[in-house]
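In: Structure here, sequence nowhere to be found:
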Ligand code: PLP
């Protein structure tokens, strides 16, 4: 049995190149992070070999005594990391990732074509919260359930709770979803609970982006108000790629949440759990209870604030005017730029972030902003000072995008990309200096 270098040098080389890319770039994608060596050791272990359909103590295969021990430990650590009383809350740690976790909740709580309301994707929501366009039901959530998104107040960049309340009163959803992929503020859980109660809906929070911040209590606690909380495990939480579903141990609107959710995960939508991921997750959740982790999450927020303040100083318009969490959304439209150009320019300079829709975009195909997150570079040791310099680098990239747009004949993206890829492109020199 050979190691990877001998057994498959081609894949080894690709992994090495990706590792160098990760090392060399300023990683500012808000949903990414660098997990620990300990987590990666667990993920790359023999746990990947085992089938264990079912739950601890109730498996469909033999040989699961250690897997039972592992999954039980992971569950206990998950509850402890989020300060939950195991008598009131339970957790399923088997979801393969965030989107499956969400769909599992929907199938657990709802009947096909029941109504849901989540934050609209162009306003910061996630595909799996029911995104659809006037022409197409894009996500499985909008194909199998009837989705009526709520939106931000475009003048403030904050969720329009009054409109959510009015729409919910008319639409009468069975499920309201809090949580987002590109929203720099906290959700008003008490208000959302009130709206959900008034229309008899479940309230779910998808805390994927901010679960690390929730564990460290640096943002509001969704568990106080929600029936169900889902999360990915690889974003601010800094674990392996995976998902979790937390549920109240209660019957709500006639549904026993625990059995409905466990059955939705298996046999409803999944087969054998990814035990290597559960191993990595258990490691991550142990670390999530440490003072070092809480300090890290505090830094994620203070670094993001420093980045936001510097960008404002440099004249940028930020959606909602700032940030309370780990990300900022920059509206580039006042500069006559779109997010794709700036993403491309910065990519060439090894600054990795993503184009993002901003409220008021005319077309989802031309996102008018960029999303910048602090978790990954905070893991690599960046403090406020470095994030201020990062804001200055981004500013340079934006200036170059503007110059390039002006000087490239016709300003077509193709020509523009040729230009930014050529040796005449100024930022290239600076990077290789
Ligand atoms: N929920 C939210 C809020 C997200 O931002 C994401 C991914 O970015 C997901 C769910 C989906 O997670 P996954 O990519 O693991 O399916």
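Out: Yep, that arrived. Being a predicted model, the structure only gives us computed values, none of them experimental. Numbering: from 1, shown residues only.
In: Tell me where the model's unsure across the protein.
Out: For the chain, residues meeting the criterion pLDDT under 70 lie at 407-433.
In: Just the closest residue of it to the ligand, please.
Out: Distances between the chain and the ligand by C-beta to the nearest ligand atom are smallest at residue 98, namely 2.4 Å. All C-beta atoms are positioned from the backbone trio N, CA, C, and that covers glycine.
In: Without its sequence neighbours, what residue ends up closest to that residue?
Out: Leaving aside its chain neighbours, residue 98 sits nearest to residue 232 (3.7 Å; criterion: C-beta to C-beta, 6 or more residues apart in numbering).
In: And for residue 230, the neighbour number?
Out: Applying other C-beta atoms under 10 Å, we find 30 other residues in the vicinity of residue 230.
In: I'd assumed it was in a strand, is it?
Out: Yes. Per DSSP: H, G, I helix; E, B strand; the rest coil, residue 230 lies within a strand segment.
In: Pull out the buried residues from the helix or strand harbouring residue 398.
Out: Here residue 398, judged by DSSP states H and E, is contained in helix 384-407. Buried residues in helix 384-407, counting neighbours by 16 or more other C-beta atoms under 10 Å, are found at 384, 386-388, 390-391, 393-398, 400-402, 404-405.
In: quick one: the helices in the stretch 201-350 of the chain?
Out: Assigned helices in the stretch 201-350 of the chain, in chain order: 211-215, 257-263, 275-287, 291-313, 339-348 (criterion: DSSP state H, counting those that start in this stretch).
In: Tell me how far the third one lies from the chain's centre.
Out: Put plainly, it is helix 275-287. What separates the centre of helix 275-287 from the centre of its chain is 18 Å, taken as C-alpha atoms, centre = their mean, to the nearest Å.
In: Which neighbouring elements make contact with that helix?
Out: In this structure, helix 275-287 packs against helix 37-43, helix 65-81, with contacts taken as 3 or more C-beta pairs under 8 Å, 6 or more residues apart in numbering; DSSP states H and E.
In: how about the residues of the stretch 201-350 of the chain near the ligand?
Out: Along the stretch 201-350 of the chain, the residues adjacent to the ligand under the rule C-beta under 6 Å from any ligand atom are 206, 208-209, 232.
In: Quick one: buried ones out of those residues?
Out: When these are checked for burial by 16+ other C-beta under 10 Å, the buried set is 206, 208-209, 232.
In: from those, which single one is nearest residue 355?
Out: residue 209 (17.2 Å; C-beta to C-beta).
In: got the contact list for the closest one?
Out: 30-31, 179-181, 235-236, 325-327 (C-beta atoms under 8 Å, 6 or more residues apart in numbering).
In: For residue 372, give its distance to residue 395.
Out: In this structure, residue 372 lies at 12 Å from residue 395, with C-beta to C-beta, to the nearest Å as the measure.
In: picking that back up, report the contact partners of the residue nearest to residue 98.
Out: When contacts are counted by C-beta under 8 Å, 6+ apart, residue 232 is found next to 31, 97-98, 101, 208, 211, 241-243.
In: Show me these that map onto strands.
Out: When the contacts of residue 232 are checked against strands (DSSP state E), the matches are residue 243.
In: got a winner among the contacts of residue 232 for most neighbours?
Out: Sorting the contacts of residue 232 by how many neighbours each has (other C-beta under 10 Å) puts residue 211 first, at 30 neighbours.
In: Go ahead and confirm that residue touches residue 239.
Out: No. Residue 211 sits out of contact with residue 239 when judged by C-beta atoms under 8 Å, with a separation of 9.1 Å.
In: Name the residues contacting each of the two.
Out: Residues within reach of residue 211 and of residue 239 at once, by C-beta under 8 Å, 6+ apart, are residue 233.
In: who touches the residue lying closest to residue 174 once chain neighbours are set aside in this structure?
Out: Spatial nearest neighbour of residue 174, excluding adjacent residues (C-beta to C-beta, 6+ apart): residue 114 at 4.5 Å. Going by C-beta under 8 Å, 6+ apart, residue 114 touches 145-146, 173-175.
In: what do you get for residue 267?
Out: Under the criterion of C-beta under 8 Å, 6+ apart, the contact partners of residue 267 comprise residue 53.
In: Let me know how buried the nearest residue to residue 340 once chain neighbours are set aside is, in neighbour terms.
Out: Sequence neighbours aside, residue 355 is the residue nearest to residue 340 in space, at 4.8 Å (criterion: C-beta to C-beta, 6+ apart). Using other C-beta under 10 Å, residue 355 has 19 neighbouring residues.
In: contact partners of the helix or strand harbouring residue 355?
Out: For residue 355, the enclosing helix or strand under DSSP H and E is strand 354-356. Contacting residues not belonging to strand 354-356 are listed as 29, 182, 329, 338-340, 342-343, 367, 369-371 [C-beta under 8 Å, 6+ apart].
In: Is that strand in proximity to the ligand?
Out: No. With C-beta under 6 Å from any ligand atom as the threshold, strand 354-356 lies outside contact range of the ligand, at a closest distance of 10.5 Å.
In: Farthest-apart pair in the contacts of residue 114, please.
Out: 146 and 175 (10.7 Å).
In: overlap in contacts of these two?
Out: Common contacts of residue 146 and residue 175, defined by C-beta under 8 Å, 6+ apart, comprise 114-116.
In: Can you lay out the residues you listed as a markdown table showing secondary structure and distance to residue 186?
Out: Supplementary listing: the shared contacts of residue 146 and residue 175 in a markdown table, determined by DSSP: H, G, I helix; E, B strand; the rest coil; distance: C-beta to C-beta, whole Å:
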| residue | secondary structure | distance to residue 186 |
| --- | --- | --- |
| 114 | coil | 28 |
| 115 | strand | 25 |
| 116 | strand | 22 |
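In: Can you tell me which of those residues is nearest residue 223?
Out: Distance from residue 223 was checked for each of the shared contacts of residue 146 and residue 175 by C-beta to C-beta. The minimum falls on residue 116, at 20.6 Å.
In: pretty sure that closest one contacts residue 146?
Out: Yes. Counting by C-beta under 8 Å, residue 116 sits close enough to residue 146 to count as a contact (7.1 Å).
In: Can you list the buried residues in stretch 304-323?
Out: For stretch 304-323, the buried set under the neighbour-count rule, 16+ other C-beta under 10 Å, comprises 304-312, 316-320, 322-323.
In: what do you get for stretch 100-116?
Out: Taking 16+ other C-beta under 10 Å as the basis for neighbour counts, the residues of stretch 100-116 that come out buried are 100-110, 115-116.
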